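A.B. asks: Below are the sequence and a predicted model; questions follow.
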Amino acid sequence: MSRNRVLEMPSVWFFGFTVLFLLSLDVWWWHQSGSFWVLHLPVWVFYFGGLQVLLSLMLLIFSRTFWKVPSPKGGAR
């Protein structure tokens, strides 16, 4: 099965967005102590930044796969 055919399957996108949603719930960080990482920011800030980058990439690929520009009916003007 080609890569484009896999990207056109709704179940792949449903699974991908569901996994991304579940990762954003972050139940494993609810009881985190006040440890700080780079730039004196907590680790979860970078975690959510990474999730936002992943979401942006998924939406870009999703929109390029499914939202095609319709061709004009009358042809060239």
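C.D. replies: Received it, and whenever you're ready, just let me know what you need.

A.B. asks: quick one: the longest helix seen in the chain to chain centroid distance?
C.D. replies: Ranked by residue count and defined by DSSP state H, the top helix of the chain is helix 43-66. Average the C-alpha atoms of helix 43-66, do the same for its chain, and the two points are 3 Å apart (Cα atoms, centre = their mean, to the nearest Å).

A.B. asks: And that helix, what does it pack against?
C.D. replies: helix 3-7, helix 10-24 (3 or more Cβ pairs under 8 Å, 6 or more residues apart in numbering; DSSP states H and E). All C-beta spots, glycine's among them, are computed from the backbone N, C-alpha and C.

A.B. asks: List the contacts of it.
C.D. replies: 4, 7-8, 13, 16-17, 20, 23-24, 26, 29, 32, 35, 37-38 (Cβ atoms under 8 Å, 6 or more residues apart in numbering).

A.B. asks: Now do that helix and helix 10-24, the angle between them.
C.D. replies: Computed by axes from the mean of the first three to the mean of the last three Cα atoms, to 10 degrees, the angle separating helix 43-66 from helix 10-24 equals 170 degrees.

A.B. asks: tell me, how many neighbours does residue 26 end up with?
C.D. replies: Applying other Cβ atoms under 10 Å, we find 13 residues neighbouring residue 26.

A.B. asks: That one: what's its closest spatial neighbour, skipping adjacent residues?
C.D. replies: The shortest distance from residue 26 to any non-neighbouring residue, by Cβ to Cβ, 6 or more residues apart in numbering, is to residue 44 (6.6 Å).

A.B. asks: Show the model's pLDDT score for that neighbour.
C.D. replies: Among the per-residue scores, residue 44 holds a pLDDT of 82.

A.B. asks: and the gap between it and residue 28?
C.D. replies: Going from residue 44 to residue 28 by Cβ to Cβ, to the nearest Å gives 10 Å.

A.B. asks: which of these two has more neighbours?
C.D. replies: More crowded of residue 44 and residue 28, by other Cβ under 10 Å: residue 44, with 13 against 8.
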